[in-house]
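> what follows is a predicted protein model with its sequence.
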Amino acid sequence: TIDVFPGIEINEGEVINFSLNFRDVGLLDSHQLFVTFGDQPVLRASSSPTGLITRSATFPTSAVFEDGTKSVPSTVTVIDKDGDSASLQFVVTVLNLPPTFVNPPTSILITDDGVTLPDITVTDPGINDGLEVVVEWGDGSTSPGTVRFLPGGVRSVTVEPHVYCTTGSFVITVIATDSDGGVVR
């Protein structure tokens, strides 16, 4: 028998370290344990005879969910040395996290070609998330950023220079939105 446990909720990019309690009246039984999290590789563990009915096992490997928001159907199966087995289905809910500015623009360059922002670096724990960056120039106009994907969920963003048609003070806002709806300003 596998002890019932609620579904698991984690943030995208986090690691699940999985342990499990189960019972078997075969006090001298050894066990093989398997966990599947959706399309992730199967996690395997084993349990040696303990002389106890209630046992626990910790899986030596872990699973990483690189993209939220989603529900991942999962199954744990325990098989004893005689081939008897028990399975339990549960759901892992992976939550989306918003992107983060690594180096938010704090200065601008003003030239004859217009106002230029330095390249912007954005990270997202959902390393497979798409990213859209828009600059609001404070005069009612916007410009999209050109996003380059780098290893490890890092993105480098370049924005074309902007020319103001009137004089004044303008608040420039950079908005990054990932493909799961996470937003940072």
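Yep, it's here.
> hey, which helix or strand in the protein has the poorest pLDDT?
strand 63-64 (a mean of 78; mean pLDDT, DSSP states H and E).
> what residues sit buried inside stretch 67-85?
67-68, 72, 74, 76-80 (16 or more other CB atoms under 10 Å). The C-beta positions use only the backbone N, C-alpha and C, and glycine is treated the same way.
> the residues you listed in strands, which ones?
72, 74, 76-80 (DSSP state E).
> out of the residues you listed, who's nearest F34?
T77 (4.8 Å; CB to CB).
> beta partners for the closest one?
In this entry, T77 is beta-bridged to F34, S87, by DSSP bridges.
> for it, give its distance to Q32.
Noted for T77: a distance of 8 Å to Q32, by CB to CB, to the nearest Å.
> hang on, A45 packs against S30?
No. With contact defined as CB atoms under 8 Å, A45 does not reach S30; the gap is 11.5 Å.
> okay, how far is it across stretch 54-69, tip to tip?
35 Å (CA to CA, to the nearest Å).
> starting at the chain centroid, how far to it?
Centroid displacement of stretch 54-69 relative to its chain, using CA atoms, centre = their mean, to the nearest Å, is 14 Å.
> ok, and what's touching it?
10-24, 31, 33, 35, 37, 40-41, 43-47, 72, 92, 94-97, 125-129, 180-181 (CB atoms under 8 Å, 6 or more residues apart in numbering).
> before we move on, what about stretch 100-110?
115-118, 120-124, 154, 172, 174, 176, 184.
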